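Structure for this input, please:
(one chain, ligands or ions: 1)
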Amino acid sequence: MNIIGPDALVFGVDDVAACAQYLTDYGLKPVGKGRFEALDGTYIAIAPRGDPSLPADLGTASMLRKTIYGCADQATVDAIAQELLKDREVKKLADGSIESVDDLGFALGFQVTVRKPLQLAAETVNAPGAKPQRGPNLLGVDEKSDPKPRSLSHVVYFVPDYAKSEAFYVKRLGFVVTDRFLGVGPFLRPAGTTDHHTLFMIQTPPQMKGCEHFTFHLGGPTELMLAGSRFVAKGYESFWGPGRHKFGSNWFWYFNSPLGCHVEYDADMDLHDEAWTAREAPMGADASQLFLFQHREKWAPGGPPPPGAKGH
Ligand SMILES: [Fe+2]
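Predicted coordinates:
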């Protein structure tokens with residue numbers, strides 16, 4: 001199953017205007033019909049909670065209504081339809097995509113991917129002993145730069161039975177387990193990507209079933225820090241980060257949102273292929289991050305000592 005990754009997430013929300021403002025401030029581009037796109041065309045779609053065109057909700061507070069996967073070609077979409085028709089309904093929608101559900105009731109869509117190939121440079125680093133990534137007179141900091149989310153990276157589900165869910169994605173859709181938190185859930189990637197994970201699951205009580213967070217990739221850690229700092233300055237509330245995860249090595253910064261889930265900025269994730277052997281670790285603060293920062297407003301030395309300084 002040549003699934004590349006999530007093309008889109010669809011939410012049924014209470015406050016459409018607040019969500020639209022949030023997604024725009026996050027850096028996605030409003031393109032109409034409730035869609036907010038990253039640079040490669042992957043997107044978040046929002047509609048009012050009661051919109052009859054949305055798949056059924058999960059019966060919890062979660063506002064996630066559908067995860068749409070991008071496939072390499074129509075043959076993959078057809079193969080998925082054939083596989084899922086063995087034991088569940090598969091609808092063919094007018095836009096050519098198919099719609100069904102996973103084993104825990106999360107609505108899924110599959111389509112030929114909307115992802116456009118990107119030709120963008122990654123952030124560069126200079127270090128003694130290594131060939132410069134930025135030569136003379138090329139600056140590392142550009143205050144005018146406006147980092148934009150490049151691509152929908154991953155979604156994290158709260159699930160009441162991760163083993164059942166994992167079996168569905170691995171056996172029916174060909175996902176691979178990259179790493180796992182013991183007793184909590186697996187980091188999964190589909191066959192068409194080398195990203196460490198596009199789907200992670202966290203075992204929770206059934207009433208929490210839904211979306212914990214989603215995130216888009218940025219161009220590197222400086223972009224993540226800049227985008228996150230500007231998001232804070234706009235008044236949005238940091239939930240966790242900035243920091244760097246261990247599994248995946250991705251930089252992270254999570255925020256509260258009006259979409260009923262957290263929303264993350266992500267950068268510099270590890271890539272893996274079939275040569276990789278999955279790691280396992282108990283979940284906890286040590287396993288979840290290499291380091292964690294606390295955001296502070298800009299400051300400079302000079303003037304009176306900072307509040308709380310000793311000896312003055
Ligand atoms: Fe994440």
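
For stretch 77-96, output the C-alpha coordinates as PDB.
In PDB, the C-alpha atoms belonging to stretch 77-96 read as follows (Å, rounded to 0.1, in the frame of the first residue of the first chain):
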ATOM      1  CA  VAL A  77      -6.500   3.800  -3.600                       C
ATOM      2  CA  ASP A  78      -8.200   1.000  -5.500                       C
ATOM      3  CA  ALA A  79      -6.200  -1.600  -3.600                       C
ATOM      4  CA  ILE A  80      -7.200  -0.100  -0.200                       C
ATOM      5  CA  ALA A  81     -10.800   0.000  -1.300                       C
ATOM      6  CA  GLN A  82     -10.600  -3.700  -2.200                       C
ATOM      7  CA  GLU A  83      -8.900  -4.600   1.100                       C
ATOM      8  CA  LEU A  84     -11.400  -2.600   3.300                       C
ATOM      9  CA  LEU A  85     -14.500  -3.900   1.500                       C
ATOM     10  CA  LYS A  86     -13.700  -7.300   2.900                       C
ATOM     11  CA  ASP A  87     -15.300  -6.300   6.200                       C
ATOM     12  CA  ARG A  88     -16.700  -2.800   6.100                       C
ATOM     13  CA  GLU A  89     -18.400  -0.200   4.000                       C
ATOM     14  CA  VAL A  90     -16.300   1.900   1.600                       C
ATOM     15  CA  LYS A  91     -17.900   4.900   0.000                       C
ATOM     16  CA  LYS A  92     -16.700   6.400  -3.200                       C
ATOM     17  CA  LEU A  93     -17.000  10.200  -3.000                       C
ATOM     18  CA  ALA A  94     -17.600  12.600  -5.900                       C
ATOM     19  CA  ASP A  95     -14.100  13.900  -5.700                       C
ATOM     20  CA  GLY A  96     -12.700  10.400  -6.500                       C
END
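
Which residues does it contact?
Here stretch 77-96 makes contact (CB atoms under 8 Å, 6 or more residues apart in numbering) with 1, 3, 71, 97-101, 109-112, 172-173. (C-beta placed from N, C-alpha, C; glycine too.)

Can you name the two of those that sit furthest apart?
The distance between the two most remote of the contacts of stretch 77-96 (CB to CB) is 20.6 Å, for 101 and 112.

tell me the contacts of residue 113?
Counting by CB under 8 Å, 6+ apart, residue 113 touches 4, 7, 70-72.

Show me where the stretch 201-312 of the chain has its helices.
Here the stretch 201-312 of the chain has its helices, by DSSP state H, counting those that start in this stretch, at 221-233, 285-288.

OK, contacts around residue 240?
Shown in contact with residue 240 (CB under 8 Å, 6+ apart): 252-254, 262, 292.

Distance-wise, check the residue of the stretch 101-250 of the chain found nearest the ion relative to residue 278.
Nearest residue of the stretch 101-250 of the chain to the ion: residue 215, at 4.8 Å (CB to the ion). According to CB to CB, to the nearest Å, residue 215 and residue 278 sit 21 Å apart.

So which of the two has more stuff around it?
Legend: neighbour count by other CB atoms under 10 Å for residue 215 and residue 278, higher for residue 215 (22 against 13).

thought the more buried one was touching residue 266?
Yes. Here residue 215 reaches residue 266: they are 4.2 Å apart, a contact under CB atoms under 8 Å.

Overlap in contacts, those two.
Residues touching both residue 215 and residue 266 (CB under 8 Å, 6+ apart): 153-154, 252.

could you list every residue that touches the residue in the stretch 1-150 of the chain that the ion sits nearest to?
Residue of the stretch 1-150 of the chain nearest the ion, by CB to the ion: residue 6 (12.2 Å). By CB under 8 Å, 6+ apart, the contact list for residue 6 reads 42, 67-70, 152, 154-155, 198-199, 214.

I'm done for today, thanks for sticking with me.
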